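J.: coords please:
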Amino acid sequence: MKQLGFIGLGTMGKGMALNLARAGYPLAVHDIRPEPVQELVKAGAKAAGSPREVAENSEVVITMVTSSPHVEQVMFGPDGVLAGMKKGNIIIDMSTIDPIVTRKVAATAAEKGIDMLDAPVSGAPPKAADGTLSIMVGGEKEIFEQCQPILEVMGEKIIHVGDVGMGEVVKLANNLAACIAGIGVFEGFLFGVKLGADPKVLYEVMSASSGNSWVLQTRVPYPNVIPQSPANEDFAPGFTTDLMAKDLGLILSAAEATKIPLLAGSLARQLVEMARAAG
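T.: Model prediction:
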């Protein structure tokens, strides 16, 4: 088994790293918070004091952090991943970030003989915990095939989508579609309920009609209509509006740079920002 490193033990990363440790991979971990690190140590991982220390003790380094600046901070500088990696090592960045930043990191890594995959994920924290994420992977096919057994510990649907950076592009396209579909489901229910329809009847009809979608099956905005929905838990945070706003910002920035008109996406961003402001 390859010696692995994992940086970023947040709501998604901790479950992913725990699955790797339980699968028997030698694992070095780092996070700015001590609590998840200690949980990984109890599962058999070794704690590292910096991204560089993780890299110095790993053949493959996996990163799962929240933003493009965080990825750059983890990768670059005297204590960064690239300062500790050796020729022939591999980076797998599973964060959802700007594809331009992904390609910048990959180009810098290539100068040192280090390969890189971008492998953002789709799925909530429970899927990270039980290893059933969907993972979209960009990078050279040979490197993807080398790392596929590692990825299969964390996900059940692993798709190679093209060159490095394309994982981010495909992930952001998916999130754009899901966000817009979600707004449609929420407004459909709002309209129907306000005019007297029973939410359970609306769900039954939409499920058997053209209004059906993944969002409908998992995010009905009224409680006790489906077994699993944030509405059943008083809308306890899962994928937060902060994260959706971040993704929409990345999407619209890339669209503006490439002159792609995203009218529904622009409106979706305004609505998400309104939701953030409302708490």
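J.: got any ranges where the stretch 101-250 of the chain has weak pLDDT?
T.: Low-confidence segments of the stretch 101-250 of the chain (pLDDT under 70): 237.
J.: can you pull out the strands in it?
T.: 115-118, 121-122, 133-138, 155-162 (DSSP state E, counting those that start in this stretch).
J.: With A181 as the reference, name the closest of those.
T.: Closest approach to A181 among these (Cβ to Cβ): strand 121-122, 13.6 Å. C-beta: built from backbone N, CA, C; applies to glycine.
J.: List of residues touching the closest one?
T.: 12, 16, 94, 128, 133-136, 154-155, 171, 174 (Cβ atoms under 8 Å, 6 or more residues apart in numbering).
J.: of all the strands of the stretch 101-250 of the chain, which lies closest to I183?
T.: strand 121-122 (18.3 Å).
J.: want to throw the strands of the stretch 101-250 of the chain into a markdown table with distance to L202 and mean neighbour count?
T.: Below are these laid out as a markdown table (distance: least, Cβ to Cβ, whole Å; neighbours: other Cβ atoms under 10 Å):
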| stretch | distance to L202 | mean neighbour count |
| --- | --- | --- |
| strand 115-118 | 39 | 27 |
| strand 121-122 | 26 | 20 |
| strand 133-138 | 28 | 24 |
| strand 155-162 | 30 | 17 |
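J.: how about those strands in a markdown table, adding distance to I180?
T.: Converted to a markdown table, the strands of the stretch 101-250 of the chain look like this (distance: least, Cβ to Cβ, whole Å):
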| stretch | distance to I180 |
| --- | --- |
| strand 115-118 | 24 |
| strand 121-122 | 16 |
| strand 133-138 | 19 |
| strand 155-162 | 21 |
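J.: just to revisit the earlier point, quick check: the farthest pair among the contacts of strand 121-122?
T.: So, the contacts of strand 121-122 by Cβ to Cβ: farthest apart are M16 and N174, at 18.5 Å.
J.: Of these two, give the one with the bigger neighbour count.
T.: The neighbour count for M16 versus N174, taken as other Cβ atoms under 10 Å, is higher for M16 (27 against 15).
J.: which residues in the stretch 1-150 of the chain form helices?
T.: Secondary structure of the stretch 1-150 of the chain (DSSP state H, counting those that start in this stretch): helices at 13-22, 34-42, 51-56, 68-75, 81-84, 99-111, 125-130, 141-154.
J.: tell me, what residue is most central in the chain?
T.: What sits nearest the mean C-alpha location of the chain, by Cα atoms, centre = their mean, is V121, with 4.1 Å.
J.: Excluding chain neighbours, what is closest to that one?
T.: Leaving aside its sequence neighbours, V121 sits nearest to L133 (Cβ to Cβ, 6 or more residues apart in numbering; 4.4 Å).
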